[in-house]
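Chemist: Fold the following for me, if possible:
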Amino acid sequence: MVFDPETSLVQPSELALRPCLDPSLYLMGIALYRIWQLAPIPSGWVLGLTFFFIQLVLNALWSPLFFGLHDLWLAFAEYF
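Modeler: Sure, this is the predicted structure:
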């Protein structure tokens, strides 16, 4: 099912979400870069960094799915 902004009761505006979503993605990227700068990454951190990177990619994909394709269900399913 494709999200139809004409008939939806809830229409989150890109203008409302962009100021929150973009800085959070930038800050996640900066955090990952700062951790990456630790020359030998402790072995216990590898699993945590893997999940962190997966979450960063999923967060980056959400906007194009929701705002670009206007597919509410695909954007919702992307989190699960």
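
Chemist: Determine the three-state secondary structure at Leu38.
Modeler: The three-state assignment at Leu38 reads coil, by DSSP: H, G, I helix; E, B strand; the rest coil.

Chemist: measure it to Trp73 for me?
Modeler: Distance, Leu38 to Trp73, by CB to CB, to the nearest Å: 40 Å. Glycine gets a C-beta too; all of them are placed from N, C-alpha and C.

Chemist: where does this protein have low pLDDT?
Modeler: When residues are selected by pLDDT under 70, those of the chain lie in 1-14, 39, 79-80.

Chemist: Can you pull up the most central residue in it?
Modeler: The C-alpha lying nearest the average C-alpha coordinate of the chain belongs to Asn59 (CA atoms, centre = their mean; 0.8 Å).

Chemist: what packs against the helix or strand hosting that one?
Modeler: Using DSSP states H and E, Asn59 sits within helix 46-63. With contacts taken as 3 or more CB pairs under 8 Å, 6 or more residues apart in numbering; DSSP states H and E, helix 46-63 sits against helix 14-36.
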